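Trainee: Got a sequence here, can you build the structure:
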Amino acid sequence: MQEIQDEAIKTYLENLEYFKKHQPDLYERINMLSGAIDNEQYKERYHLEYIQEDKEFDIFDSHTETYLYNRKPKEFIETAVQNSNLDKENSVDILNPEIYNMKQKVTIDVQETIEFKTIGGMQNDIFDYIKIFQKSTTNPNKRFLKIEKFIFAGTLLGRHIKPIALKLKSLLLLIYEKNLEIFRLSLFTTNYGQIQNKHNIMLIFSIMEDNDKEHKLLKKFFTYEVYANHMLKFYSSNYNIGNFFDRLLSVVTAESPLVYNYQKIIDGLIFPVSENITKYPVLNTTYKHKILTNIPVLFIAAGPSLERNIEWVKKYKNRYFIVAVGAAVNTLISEGIIPDMITSADSDEAIQQQFSLEIRSKIQHIPFLAASSTFEDVLNIFPKENIILYELMCFIKRESKLFKGYSVGEVSLMLLSILGANHIYMLGTDLALDQETGNSHISGHNELKIESITTNQKEANHFLKKAKFSMEDATIAVKGNLRDIVITKISMINSITAYQYNMKIIQQRNPEIKIYNLNDGAYLEGMIPLKTQNVSIPLEDKKDIQMVQSLRTHSTLGLDEENIQMIKDCIIQINNLINVLKKLKKLKIKSYNELREKRERVFNILRQHFIPYSNFYADIIFHKYYLTMEAYLGFQFNEKLPNEKELISKVKIVWCDHMLRLASEYKIHISKLCKL
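Mentor: Here you go, the predicted structure:
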């Protein structure tokens, strides 16, 4: 027994040295807990006990007086290893089964919306690879050569980690544990340094982290070696893991290259920007203006809380400066509520539907603050003198500043803060389903979906796999604004993340700002939860603001010489990239690893030479393409292929042709800005 204790202490001390060198923050937290235990400032709940008949350690929970391994730790370890194989069991599929298993190309009519065209264009590129492999990504019998990335959710004593990682030939492990006390016990039984140093396996630890730190660690795991992102395979102890998988999937969703795909960047962003940027004044977003300072602003979006509170808005519409997103305008006008300003961020002709023919005469005098990527047909709804643009995502002018946004809501909030608003009331920004009806938006919204919300969904704080699970349709539980939890769609997580990211920036710029969340939806950190019946209504009607004139005063028209020179320099780099791609297309490549290495050299060029032009999206287009295809290629090459050399040759040609096309299209659009 003494020998076993000595070995456990030796393992613990070696782990401390490892964490001190590689994980200093975690090392400090472990040391603090150990000190608190030694000084009797912290009473341990969990205790390490050696089970003689198993010759393995167990964890005794003194609160419940139970053993976490049920006094059978050896059986747990053997079962865990036995159930972890080179297959798709216990995994989350990342490759959208419908997109990556198409049977034929998409027919794209010239009259289709830009959204349909860009998604269809991306799908057709994917189909070029599908034709090469002719193998489904949903085959349940596939056996992989290795599982490069693996997740351990709930470590317990971690004795199963090393044998599973070696069995699956893993290169990267995410080790998640919600309880620091339990993880500390694993330091006596599992030599983490040996796993990393002896077996050359990279380890990412997420041990009782706050939400921000955990999000960064999950992102680090997901964005490392993206060719392995065709699925996320895991082993869960199912002990005290909370809503870990909810948060994991929120990161996967946020990082998905399909959210705003590479073809949409070219045709739905770069193209309209190149058409608009010299025609309309562009708001200076590099500093905070004072146009809306000390004016109560009611910001209205198209979530279900708008309909539930529409009578409140009608009653007090004259007390607030009302800013509405385009999708809420039809509803507001039909109720006799005229916005003082309309905002838009989407680059899609379908946005025209937000302004029905019946209401267009009633909005001609309203300022329209729109993204520079807005399509001409949408801009033509408003008089040219009432249109002010702002740059979003693609920044050509030096008077524009980068800020995040996946939808018009979080973008508009940032714009309001730039315009000096310091008292903002948010309505219709639910970012969750109506918890009674399941509605995702107000009635009539073009993206309205109705989900069935059950009692189990409200109680279960985990992602829900339906009979046919898809990332797009999945629902998860998140912290609620006016109730403990709410059910939202995983597709809304990007906006929740963006709102909270923007809120931190807004509060750093103006610590005194007050933003009230009036919605029965998702909680947004930094905003003050408030029911409409508890709002302190302004005593006087709103002031008359000459908004168009004020916006134009803080806007500029056209490009200066420095802007134009930057674009010319970017075009030179695009030409260099085209030459590199042409050379790669002619090379003979023998293995998948060599193919990955050659393509990585292309992206090294992008990283080294395109940094000054990242605001023009020069590098991001190609990176998004890379992410879209890389996981699929990683999936197909992760098995024994008798005709691998032939497949590699075909993949190389398709890859180079696609990249050359993207480079050519991008060059054509930005050349308009300097009239080359």
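Trainee: all strands of the stretch 201-350 of the chain, in order?
Mentor: For the stretch 201-350 of the chain, applying DSSP state E, counting those that start in this stretch gives strands covering 202-207, 231-236, 282-283, 297-300, 321-325, 341-344.
Trainee: Can you give me the buried ones in stretch 349-361?
Mentor: 349-355 (16 or more other C-beta atoms under 10 Å). Backbone N, C-alpha and C define where each C-beta goes, glycine included.
Trainee: and if you look at stretch 335-350?
Mentor: In stretch 335-350, the ones that count as buried by 16+ other C-beta under 10 Å are 337, 339-350.
Trainee: what residues are up against residue 72?
Mentor: By C-beta atoms under 8 Å, 6 or more residues apart in numbering, residue 72 lies in contact with 51, 54.
Trainee: Check what pLDDT it gets.
Mentor: Note on residue 72: pLDDT of 95.
Trainee: same deal with residue 444?
Mentor: On pLDDT, residue 444 comes in at 52.
Trainee: Could you grab the helix/strand/coil label for residue 16?
Mentor: Per DSSP: H, G, I helix; E, B strand; the rest coil, the local secondary structure of residue 16 is helix.
Trainee: Is it in contact with residue 27, as I believe?
Mentor: Yes: judged on C-beta atoms under 8 Å, residue 16 makes contact with residue 27 at a distance of 6.8 Å.
Trainee: okay, which residue is most central for this protein?
Mentor: Residue closest to the average C-alpha location in the chain (C-alpha atoms, centre = their mean): residue 254, at 1.1 Å.
Trainee: contacting residues for it?
Mentor: The contact partners of residue 254, by C-beta under 8 Å, 6+ apart, come to 219, 493-494, 497.
Trainee: Most neighbours of all those residues, which one?
Mentor: Taking other C-beta atoms under 10 Å as the neighbour criterion, residue 493 ranks highest of the contacts of residue 254 with 24 neighbours.
Trainee: Make sure I have this right: that residue is in a helix.
Mentor: Yes: counting by three-state DSSP, residue 493 falls inside a helix.
Trainee: Would you mind giving me the confidence score for it?
Mentor: Residue 493 carries a pLDDT score of 82 in this model.
Trainee: Identify the residues contacting residue 296.
Mentor: Residue 296 makes contact with 319-321, 423, 425, 538, 542, according to C-beta under 8 Å, 6+ apart.
Trainee: What of residue 203?
Mentor: Contacts of residue 203 by C-beta under 8 Å, 6+ apart are 172-173, 175, 192, 195-196.
Trainee: how about low-confidence regions in this protein?
Mentor: 1, 438, 440-474, 676 (pLDDT under 70).
Trainee: Show me which residues of stretch 511-526 are buried.
Mentor: Within stretch 511-526, the residues that count as buried by 16+ other C-beta under 10 Å are 513, 515-524.
Trainee: And for stretch 669-676?
Mentor: Here stretch 669-676 shows 669-674 as buried, counting by 16+ other C-beta under 10 Å.
Trainee: and the residues you listed as JSON lines, adding distance to residue 650 and secondary structure?
Mentor: What follows is those, written out as JSON lines (distance: C-beta to C-beta, whole Å; DSSP: H, G, I helix; E, B strand; the rest coil):
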{"residue": "669", "distance to residue 650": "29", "secondary structure": "helix"}
{"residue": "670", "distance to residue 650": "31", "secondary structure": "helix"}
{"residue": "671", "distance to residue 650": "32", "secondary structure": "helix"}
{"residue": "672", "distance to residue 650": "35", "secondary structure": "helix"}
{"residue": "673", "distance to residue 650": "37", "secondary structure": "helix"}
{"residue": "674", "distance to residue 650": "38", "secondary structure": "helix"}
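Trainee: for these, which one is nearest residue 277?
Mentor: Proximity of those to residue 277 (C-beta to C-beta) peaks at residue 673, which lies at 6.7 Å.
Trainee: Any idea which of the strands of the stretch 201-350 of the chain gets closest to residue 653?
Mentor: Closest of the strands of the stretch 201-350 of the chain to residue 653 is strand 231-236, at 27.1 Å (criterion: C-beta to C-beta).
Trainee: circling back to that earlier point, what is the most widely separated pair among the contacts of residue 203?
Mentor: Greatest spacing in the contacts of residue 203, by C-beta to C-beta: 172 and 192 (13.8 Å).
Trainee: ok, those two, which is more surrounded?
Mentor: Shown here are residue 172 and residue 192; by other C-beta under 10 Å, residue 192 has more neighbours (25 against 19).
Trainee: these two touch, right, that one and residue 21?
Mentor: No: Residue 192 is beyond contact range of residue 21, at 11.5 Å (criterion: C-beta under 8 Å).
Trainee: quick one on the thing from earlier: format the strands of the stretch 201-350 of the chain as CSV; extra columns: distance to residue 604.
Mentor: Converted to CSV, the strands of the stretch 201-350 of the chain look like this (distance: least, C-beta to C-beta, whole Å):
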stretch, distance to residue 604
strand 202-207, 21
strand 231-236, 27
strand 282-283, 34
strand 297-300, 43
strand 321-325, 41
strand 341-344, 38
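Trainee: Domain map for the protein?
Mentor: Using automatic domain parsing, the domain ranges for the chain come out as 2-82+149-224, 262-267+559-674, 279-432+493-553.
Trainee: how much distance is there from stretch 616-625 to the middle of the chain?
Mentor: With C-alpha atoms, centre = their mean, to the nearest Å as the basis, stretch 616-625 stands 17 Å off its chain's centre.
Trainee: and what of stretch 625-642?
Mentor: Distance, stretch centre to chain centre, for stretch 625-642: 22 Å (C-alpha atoms, centre = their mean).
Trainee: What of stretch 99-108?
Mentor: For stretch 99-108, the separation from the chain centroid amounts to 25 Å (computed by C-alpha atoms, centre = their mean).
Trainee: any residues touching that stretch, and which ones?
Mentor: Counting by C-beta under 8 Å, 6+ apart, residues outside stretch 99-108 touching it are 116-117, 120-121, 123-124, 126-127, 130, 136-138, 258, 632.
Trainee: Check the residues you listed against residue 147 and report the nearest one.
Mentor: Among the contacts of stretch 99-108, residue 137 lies closest to residue 147 (C-beta to C-beta), at 15.4 Å.
Trainee: List the residues that contact the closest one.
Mentor: Counted by C-beta under 8 Å, 6+ apart, residue 137 has contacts 93, 95, 97, 100-101, 230, 632, 635.
Trainee: Put together a markdown table for those residues, with neighbour count, secondary structure and distance to residue 44 on each row.
Mentor: Formatted as a markdown table, the contacts of residue 137 follow (neighbours: other C-beta atoms under 10 Å; DSSP: H, G, I helix; E, B strand; the rest coil; distance: C-beta to C-beta, whole Å):
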| residue | neighbour count | secondary structure | distance to residue 44 |
| --- | --- | --- | --- |
| 93 | 17 | strand | 40 |
| 95 | 19 | coil | 44 |
| 97 | 13 | coil | 47 |
| 100 | 24 | helix | 49 |
| 101 | 16 | helix | 51 |
| 230 | 23 | coil | 42 |
| 632 | 21 | helix | 48 |
| 635 | 23 | helix | 45 |
